[in-house]
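*Asks:* Here is my input, please return the structure:
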Amino acid sequence: MRVPVTISQAVKAQTKIVPTLVWEDGMDEWVADYARHLTFRVKNGTSSVEETVKKLRQFRRFQRTHGVQYHQVDDDFLLAFQGAMESDGRSTTKRRDEVLSAVHDFFKWADGRGLLTNHVQTAPKGEYSDLPDDYVFPISSEQVSVSGRHGQAYVKWVSTLTGGAEHSTYGARHTPTSSEVLQLGEIVETQGRHRVRNRLIMDWALLTGARVSEIVQVRESDLPPFDDISAFFSDDGSPKMFEVWVERKNRGRSMLRVPDDLALRTAEYIACDPERLDIVNSALGGTCRNDNFVFLSERTGDALVTDSITRIFRAFFKQAGIKKANIHRLRAKFITEKIEMQLDRLQEGGVYVDPTSNWEETVLVMAAKDMGHLHPVSLMPYLHDILQKRQTKDGELEVRSAESRAQSLKSFVNQMQSRLETHAGLAEVARLLEGEKVSEAIDLLGDVQDQLRELIGIRT
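*Replies:* Modelled structure (predicted):
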């Protein structure tokens, strides 16, 4: 009897080569996972994936050199990377755009995998149910319509940084000038209810570089009580700089450096502002505990909603005639002023500023230290913007004009007047400043002296 035999042929599975990235300390896990995704899910060819890995290698080398974690990468850091590629002189605008696009796609993948959360925008804002209206994605995107191979159109979210400086939509955002900030401050101080609160919110953004989502986190317990005036000054009478820790969404803790005068005005607002006291009485039953948020919602007594602040200041900016900007751009103004100050200090100290010196790194490190919560490399785009305005044809740095410095002084004097007038014990200083008797004001109040010198470069 014959036994039937079935002969089957084994089909050998196709072997695919997956390009990867290896450093001295081991394999780059994120890039390796992304390469596998492109190979097996997207089904890109080996040569295509290899080209993508080469582009990511440029970015990852820059990222590792500066010690920046994935969750810390934002538009400013990507602009710094873009500037580094440009200064290297070995790549065209087209190539730089291709690299940035590859990096943007890489971060979209990481966001989609849950390695990052709400880090890159990949859908219309309205489709994010858990995000406030004022949420700013660390890596920005814009929606474009793309034609496929067979003529069909589809929507894709792409980087706002490609196309070079002239065509990048990122550059469309406007940083308010000193005169615009002055005008904005005047409107905030004279319009509607909660004028003291609104001015404080503006100054927290302008003087600490805080985001709106960080400002609303500030609590009473972060600052000394107003009746303990000595706590706002050091033993030698010099002003204190307060450190307030806040949470940045999906990005860990961040420190705000709060000047003593802003801290003092905020403490006075907590203790004395009648509109805030009304909220405490009505929404919190009159209890005043030091775990309350500083800026309260009238309806709930809880922290003021970020959307409300954005809406309020949108009206203020519109009234001031400041276009393509909102309260979030006051942070950019804060950063710009810090860098301008450091450049002025270098020049006043006789430092020769030219492209062959290492002054750029010095400025960035000094400014970052002064701000207390930024990585130096993330300030590079702001420095480059300033240089475009101040660098001469021979590469030297132009000294800020007397008009610019006078405008900065006027801005500072006006701000100090409004701050000092809220405290009766400092009214005399406000009077001296109003009469432009700056030297007398310096002699009278040591803490103001240091701030004036820092801003206008006075030496004694």
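
*Asks:* same question for the helix or strand where residue 179 lies, mean pLDDT?
*Replies:* Element membership for residue 179 (DSSP states H and E) is helix 178-190. Averaging pLDDT along helix 178-190 gives 89.

*Asks:* In terms of secondary structure, what does it contact?
*Replies:* Packing partners of helix 178-190 (3 or more C-beta pairs under 8 Å, 6 or more residues apart in numbering; DSSP states H and E): helix 195-208, helix 306-320, helix 402-420. In short, each C-beta sits where N, CA and C put it, glycine included.

*Asks:* Past the shortest one, which element shows up next along the chain?
*Replies:* Under the assignment DSSP H and E, the closest C-terminal helix or strand after helix 195-208 is helix 212-215.

*Asks:* Would you indicate which residues of the next helix or strand after that following helix are buried?
*Replies:* Read in the C-terminal direction, the helix or strand following helix 212-215 is strand 241-248, with elements assigned using DSSP H and E. Residues of strand 241-248 classed as buried: 242, 244, 246, 248 (neighbour count, 16 or more other C-beta atoms under 10 Å).

*Asks:* now the helix or strand following strand 241-248 against strand 241-248, angle please.
*Replies:* Downstream of strand 241-248, the first helix or strand assigned by DSSP H and E is strand 252-259. Interaxial angle, strand 252-259 versus strand 241-248 (axes from the mean of the first three to the mean of the last three C-alpha atoms, to 10 degrees): 150 degrees.

*Asks:* Please name every helix or strand in contact with strand 252-259.
*Replies:* helix 195-208, strand 241-248.

*Asks:* Only C-alpha atoms, please: export that strand in PDB.
*Replies:* Extracted C-alpha coordinates of strand 252-259, given in PDB (Å, rounded to 0.1, in the frame of the first residue of the first chain):
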ATOM      1  CA  GLY A 252       9.200  69.000  33.400                       C
ATOM      2  CA  ARG A 253       9.900  71.800  35.900                       C
ATOM      3  CA  SER A 254      11.200  75.200  35.000                       C
ATOM      4  CA  MET A 255      12.500  78.100  37.100                       C
ATOM      5  CA  LEU A 256      11.400  81.700  36.800                       C
ATOM      6  CA  ARG A 257      13.700  84.400  38.200                       C
ATOM      7  CA  VAL A 258      11.500  87.100  39.700                       C
ATOM      8  CA  PRO A 259      13.000  90.600  40.300                       C
END
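
*Asks:* okay, now the domains of the chain?
*Replies:* Using automatic domain parsing, the domain parsing of the chain gives 22-171, 178-327.

*Asks:* and among the ones you listed, the most buried is which?
*Replies:* When you average the neighbours per residue for each of those (mean count of other C-beta atoms under 10 Å), domain 178-327 leads with a mean of 17.

*Asks:* can you give me the end-to-end distance of that domain?
*Replies:* End-to-end span of domain 178-327 (C-alpha to C-alpha, to the nearest Å): 14 Å.

*Asks:* want to throw the domains of the chain into JSON lines with distance to residue 361?
*Replies:* JSON lines is the format used below for the domains of the chain (distance: least, C-beta to C-beta, whole Å):
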{"stretch": "domain 22-171", "distance to residue 361": "11"}
{"stretch": "domain 178-327", "distance to residue 361": "20"}
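
*Asks:* how about these, which one is nearest residue 379?
*Replies:* For those, distance to residue 379 was read as C-beta to C-beta. The smallest value, 7.4 Å, belongs to domain 22-171.

*Asks:* Let me see the mean pLDDT of the closest one.
*Replies:* 84.

*Asks:* chain center to it, what's the gap?
*Replies:* 19 Å (C-alpha atoms, centre = their mean, to the nearest Å).

*Asks:* For residue 344, find the nearest of the domains of the chain.
*Replies:* Closest approach to residue 344 among the domains of the chain (C-beta to C-beta): domain 178-327, 14.0 Å.

*Asks:* do you know how far residue 273 is from residue 235?
*Replies:* From residue 273 across to residue 235, the span is 30 Å (C-beta to C-beta, to the nearest Å).

*Asks:* same check, this time on residue 278
*Replies:* From residue 278 to residue 235 the distance is 37 Å (C-beta to C-beta).

*Asks:* before we move on, what about residue 252?
*Replies:* With C-beta to C-beta as the criterion, residue 252 and residue 235 are 33 Å apart.

*Asks:* Can you check the pLDDT for the residue most central in space within the chain?
*Replies:* For the chain, residue 331 is the residue whose C-alpha lies nearest the centre (C-alpha atoms, centre = their mean; 6.0 Å). With respect to pLDDT, residue 331 scores 83.

*Asks:* Skip the chain neighbours and tell me the closest residue to it.
*Replies:* Computed as C-beta to C-beta, 6 or more residues apart in numbering, the closest residue to residue 331 that is not its neighbour in sequence is residue 209, at 5.0 Å.

*Asks:* Can you read off the pLDDT for the one you found?
*Replies:* Listed pLDDT for residue 209 reads 86.

*Asks:* was I right about it contacting residue 334?
*Replies:* Yes. Counting by C-beta atoms under 8 Å, residue 334 is a contact partner of residue 209 at 4.1 Å.

*Asks:* Could you tell me how far residue 246 is located from residue 253?
*Replies:* Separation of residue 246 from residue 253 (C-beta to C-beta): 7 Å.

*Asks:* just residue 175 next, same as before
*Replies:* Residue 175 is 26 Å from residue 253, by C-beta to C-beta.

*Asks:* tell me the strands in this structure, going along the chain?
*Replies:* Along the chain, the stretches classed as strands by DSSP state E are 22-23, 26-27, 141-147, 153-159, 241-248, 252-259.

*Asks:* which strands and helices sit next to the fifth one?
*Replies:* Using 3+ C-beta pairs under 8 Å, 6+ apart as the contact criterion, the neighbours of strand 241-248 among helices and strands are helix 212-215, strand 252-259, helix 260-272.

*Asks:* Packing partners of the last one?
*Replies:* If contacts are counted by 3+ C-beta pairs under 8 Å, 6+ apart, helix 260-272 sits against helix 195-208, strand 241-248, helix 402-420, helix 446-456.

*Asks:* Specify the angle between that helix and strand 252-259 in degrees.
*Replies:* Going by the same axes, to 10 degrees, helix 260-272 makes 100 degrees with strand 252-259.

*Asks:* Centre of the chain to helix 260-272, how far?
*Replies:* Using C-alpha atoms, centre = their mean, the offset of helix 260-272 from its chain centre is 24 Å.

*Asks:* Could I get the average pLDDT for that helix?
*Replies:* Mean pLDDT, taken over the full extent of helix 260-272, equals 91.

*Asks:* Residue 162 touches residue 94, doesn't it?
*Replies:* No. Using C-beta under 8 Å, residue 162 makes no contact with residue 94, being 9.6 Å away.

*Asks:* nearest spatial neighbour of residue 363, skipping sequence neighbours?
*Replies:* Leaving out its chain neighbours, the residue that sits closest to residue 363 by C-beta to C-beta, 6+ apart is residue 342, at 4.7 Å.
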